[in-house]
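below: sequence and its predicted model.
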2 protein chains.
Amino acid sequence: MSKKNLIVGQSGGPTAVINSSLYGVVSEALAHPEEIEHVYGMVNGIEGFLNGTTLEFTEALPGEKLEMLKNTPGAYLGSCRYKLPESLDDEVYPKLFAKFEEMNIGYFFYIGGNDSMDTVSKLSRYAQKVGSDIIVLGEPKTVDNDLVLTDHTPGFGSAARYVATTVREITIDANVYEKKSVTIIEIMGRHAGWLTAASVLARKYVGDNPLLIYLPEVAFDENEFLAKVEAAFEKNCNVIVCVSEGIHDKEGTFICEYDSSVGVDNFGHKMLAGCGKYLENLVRNKLGVKARSVELNVSQRCSSTMMSAADQQEAVMAGKFGVQAALKGETGKMISFVRESNAPYKLVCGLEDVNEICNKEKGVPLEWITEGGSDIGPEFIEYAAPLVQGTVDVPMGEDGLPAFAYRK
Amino acid sequence: MSKKNLIVGQSGGPTAVINSSLYGVVSEALAHPEEIEHVYGMVNGIEGFLNGTTLEFTEALPGEKLEMLKNTPGAYLGSCRYKLPESLDDEVYPKLFAKFEEMNIGYFFYIGGNDSMDTVSKLSRYAQKVGSDIIVLGEPKTVDNDLVLTDHTPGFGSAARYVATTVREITIDANVYEKKSVTIIEIMGRHAGWLTAASVLARKYVGDNPLLIYLPEVAFDENEFLAKVEAAFEKNCNVIVCVSEGIHDKEGTFICEYDSSVGVDNFGHKMLAGCGKYLENLVRNKLGVKARSVELNVSQRCSSTMMSAADQQEAVMAGKFGVQAALKGETGKMISFVRESNAPYKLVCGLEDVNEICNKEKGVPLEWITEGGSDIGPEFIEYAAPLVQGTVDVPMGEDGLPAFAYRK
């Protein structure tokens, strides 16, 4: 068998460990020089590849520099949101495969969420159609944790650790005054509430804040919510409420859209505020108490100092496992996680048919959502606790701030 | 001299290291058992003290537990926003001093910002007036760094480290797509721009993001801003703009108030959004590019994992120095910081008349603000860089998340 080259790309929104997955793929590929000659990166995903932007890793990150990837948030290779045509007869496919041939690519890796797995699915199906022996594999990533057929997804653990830690810190901050107050914390997740559910990990004992947690898996009712806030004051005068950005009512209207009829800016355009801001105003006006809202925003997916060591290690493991699987001839698959036991926590990698994964979403099981939709049960805690473990020692630069890997 | 007791309180908004100052005061006081018998804390500041809520530290945090204060954000003792009456003839003063006598208080410490120094000023003036020998001292704290007569203020360094690190991370996150985008980052600071200025530390080289930085010290002009954003696209297609929450135009109108004429919620109440959200909409509508805004919010003052080791050590140092000064009979003073040299960075504590500090504010020197009000010069970097140095190893609990000190 003649030597082939490997190419890897990143796609969709970044996470704290998407570069750890990249590190896993690249470091393992470089460890097999007898089978893999060059390791390339697509700059800005498949879209950038089509435009001819690639890099070679031993040039871009020689020697020890490759290690820096593990602590660098964002997508080192840049990203794209490009959907390949549904029809495999489209002209883009032969164009892509001609480029693969030109660069002697034998292994194609794509790191991303369900949209990216769609790319993996199409390329592997096209390869099969035209009898190409190119190996096409997907590496999972998403803070949303919504990929099916895997115990969880790299990126979720770090984002969950960020959410749990930050909610605990905001709770401390909110507790300094002895006056009734409500703090609404808005957490990422349009359709799946995994990340918002992770706020329950901030709780130190039963009855501790956050006292109310709302996911998009269950319809949200404003009046029930207000009644529960009132009741929560009996437990703590400072009430912390965690909500997914995607909570909606039983008609399916997003709560963040409630404001759009009136929130218009100076130009007559709709002002888009989040559901947190809406609920803050609702609480202040209906209950007459101090209210504020905090949108955790992009730091959920790009905080390096709150990276989970478990998540980082698993992302590297999935990357390495993928290359080993590729060398065994596996293709059209996504690397998955299989939890063998919870105490002690033991995780191994598996392979799943990417066609069964792409364009599907996995929500939080309804039986893990308690109190009529305003709390999270112990099953979730058991599930999520191992994923947020361990502090990562991020190297600091001469300026005393985190030193990251940058593309030239 | 008979033994006296010491009491300490916290006031105003918390910071990441306000409990480090508390640790400094309490640990040093406990180290002088021949002069100080008991060390008490006021729960919820002077207001709580008036209501009779105090604790004793060897009971509340015995032995090693006291150490946990150093890594705990928020105000361990709780806080208040209570202003003592201007007239020293008010009945609250004899009431307070009777309570001091009852508890055999010889030393009164108050940790806070300029409002809290007002309390220190009034109590020390009242003590002088009635011939009381009670020692009254102020320990500085504020993320805003706006206290006069001190090089800087405990709490600022950690908040600045949070801002610089987070802006660097958000920049990485924003850089993944090759499409024009503007990210507005809204940073704490109504009147003083110190914390927003700290975003310049995120810059790795001249011409790097954040490309525009706006402080409240200089009037903000919308059209100039838009022109500068357009020009910034020549340096980077992803432009990061950092703004103080308190930026205002030359008439003194806050930019965050620009929306209030139209931002009305379902109840007819004004929707208060920040200036970041306003500028996001402005950029999207006027320049037609992708725009988003991130409000860094309370994590700036309560993030434990991004605490600056320098800030933490200095807060402890100021606390200890205060107790030593008290035992020498100093009163009516605030502990200040005097920078002896910058390379190597060397800082010592001093004492300043609290009457010269309370109710005053120190802004960023105008000569440190460059480019007609949209950038920060090297003087600030030289000033701020030493304050953000060093990572603090926050102990994790059994759940893998930060373990903090809590009042029972």
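Here it is on my side, so go on.

per-residue pLDDT of A:Arg125, please?
A:Arg125 carries a pLDDT value of 98.

could you do A:Glu178 as well?
88.

quick check: closest non-adjacent residue to it.
Of all residues not flanking A:Glu178 in the chain, B:Asn44 sits nearest, at 5.5 Å (CB to CB, 6 or more residues apart in numbering or on different chains). From N, CA and C alone the C-beta is placed, and that goes for glycine too.

and A:Phe404, what does it touch?
The contact partners of A:Phe404, taken as CB atoms under 8 Å, 6 or more residues apart in numbering or on different chains, are A:68, A:71-74, A:304, B:168, B:172.

tell me how many other residues crowd the residue of the stretch 151-300 of chain A found nearest chain B.
Minimum separation of the stretch 151-300 of chain A from chain B (CB to the nearest CB) falls at A:Ile172, amounting to 3.5 Å. A count of nearby residues for A:Ile172, using other CB atoms under 10 Å in any protein chain shown, gives 24.

what's the neighbour count on the closest residue in space to it that isn't next to it in sequence?
Spatial nearest neighbour of A:Ile172, excluding adjacent residues (CB to CB, 6+ apart): B:Gly74 at 3.5 Å. Around B:Gly74 there are 29 other residues, counting by other CB under 10 Å.

B:Gly74: helix or strand, and which one exactly?
Assigned by DSSP states H and E, B:Gly74 belongs to neither a helix nor a strand.

same check on A:Ile172?
helix A:156-174.

who are the packing partners of that helix?
With contacts taken as 3 or more CB pairs under 8 Å, 6 or more residues apart in numbering or on different chains; DSSP states H and E, helix A:156-174 sits against strand A:181-187, helix A:194-197, strand A:238-244, helix A:299-302, helix A:309-327, helix B:299-302.

residues of the second one that come out buried?
Counting neighbours by 16 or more other CB atoms under 10 Å in any protein chain shown, one finds that the buried residues in helix A:194-197 are A:194-197.

the first one too?
Neighbour-count burial for strand A:181-187 flags A:181-187 (criterion: 16+ other CB under 10 Å).

what is the mean pLDDT for it?
For strand A:181-187, the per-residue pLDDT averages 98.

other residues contacting it?
Residues from elsewhere that reach strand A:181-187 (CB under 8 Å, 6+ apart): A:163, A:166-167, A:170-171, A:174, A:195-196, A:199, A:210, A:229, A:237-245, A:274-277, A:279-280, A:283, A:287, A:289-296, A:300.

what's the answer for the fourth one, then?
Residues from elsewhere that reach helix A:299-302 (CB under 8 Å, 6+ apart): A:13-16, A:73-74, A:143, A:155, A:159, A:162-163, A:166, A:187-188, A:195, B:166, B:169-170, B:172-173, B:294, B:299.

go again with 7 Å.
A:13-16, A:73-74, A:143, A:159, A:162-163, A:188, A:195, B:166, B:169-170, B:172-173 (CB atoms under 7 Å, 6 or more residues apart in numbering or on different chains).

before we move on, back to that, right, and the residue of the stretch 151-300 of chain A closest to chain B touches B:Asn71 too?
No. Using CB atoms under 7 Å, A:Ile172 is not in contact with B:Asn71, being 11.4 Å away.

so the residue of the stretch 1-150 of chain A at minimum distance from chain B versus A:Phe49, what's the distance?
Nearest residue of the stretch 1-150 of chain A to chain B: A:Gly74, at 3.5 Å (CB to the nearest CB). A:Gly74 sits 19 Å away from A:Phe49, going by CB to CB, to the nearest Å.

helix or strand: which one has the residue nearest the centre of chain A?
The centroid of chain A falls nearest to A:Val143 when counting by CA atoms, centre = their mean (1.7 Å). In the assignment (DSSP H and E), A:Val143 maps to no helix and no strand.

contacting residues for it?
Contacts of A:Val143 (CB under 7 Å, 6+ apart): A:15, A:155-156, A:159, A:188, A:195, A:300-301.

cool, and A:Val200?
Counted by CB under 7 Å, 6+ apart, A:Val200 has contacts A:213, A:376, A:380-381.

any idea of the pLDDT on it?
98.

quick check: it is in a helix.
Yes. Counting by DSSP: H, G, I helix; E, B strand; the rest coil, A:Val200 is part of a helix.

pLDDT weak spots in chain A?
Residue ranges of chain A with pLDDT under 70: A:1, A:259-273.

ranges for the helices of it?
A:18-30, A:45-50, A:57-60, A:92-102, A:114-130, A:156-174, A:194-197, A:222-232, A:275-287, A:299-302, A:309-327, A:378-384 (DSSP state H).

and these, which is most packed in?
helix A:194-197 (a mean of 30; mean count of other CB atoms under 10 Å in any protein chain shown).

outside of it, which residues touch it?
A:143-146, A:156, A:159-160, A:163, A:187-189, A:213, A:215, A:242-244, A:300, A:364, A:376, A:380.

please repeat the previous calculation with a cut-off of 6 Å.
Residues from elsewhere that reach helix A:194-197 (CB atoms under 6 Å, 6 or more residues apart in numbering or on different chains): A:145, A:159, A:163, A:187-189, A:215, A:242, A:244, A:364, A:376, A:380.

re the thing from before, of the buried residues of helix A:194-197, just say which sits nearest to A:Lys333.
A:Trp194 (23.2 Å; CB to CB).

distance of the closest one from A:Val364?
A:Trp194 is 6 Å from A:Val364, by CB to CB.

check A:Gly329 too.
36 Å.

and those two? which has more neighbours close in?
The neighbour count for A:Gly329 versus A:Val364, taken as other CB under 10 Å, is higher for A:Val364 (25 against 8).

contact partners for that one?
Applying CB under 6 Å, 6+ apart, the residues near A:Val364 are A:193-194, A:197, A:215, A:217.

can we see that at 8 Å?
So A:Val364 contacts A:192-194, A:197, A:215, A:217, A:380 (CB under 8 Å, 6+ apart).

can you check A:Glu230 too?
Taking CB under 8 Å, 6+ apart as the test, what A:Glu230 contacts is A:Leu287.

mind running it again at 10 Å?
A:239, A:283, A:286-287, A:289 (CB atoms under 10 Å, 6 or more residues apart in numbering or on different chains).

could you pick out which of these are near chain B?
Among these, the ones lying close to chain B by the criterion of CB under 10 Å from any CB of the partner chain are A:Lys286.

just flag the most distant two among the contacts of A:Glu230.
It's A:Val239 and A:Lys286 that sit farthest apart of these, by CB to CB, at 13.9 Å.

surely A:Lys320 touches A:Phe109?
No. In this structure A:Lys320 lies outside contact range of A:Phe109 using CB atoms under 10 Å: 11.5 Å.

any common contacting residues for these two?
Listed contacts common to A:Lys320 and A:Phe109 are A:21, A:24-26, A:29, A:335; contacts here mean CB under 10 Å, 6+ apart.

now those in CSV, with distance to A:Gly78?
CSV is the format used below for the shared contacts of A:Lys320 and A:Phe109 (distance: CB to CB, whole Å):
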residue, distance to A:Gly78
A:Ser21, 15
A:Gly24, 19
A:Val25, 16
A:Val26, 15
A:Ala29, 19
A:Ile335, 22
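
great, nothing more from me.
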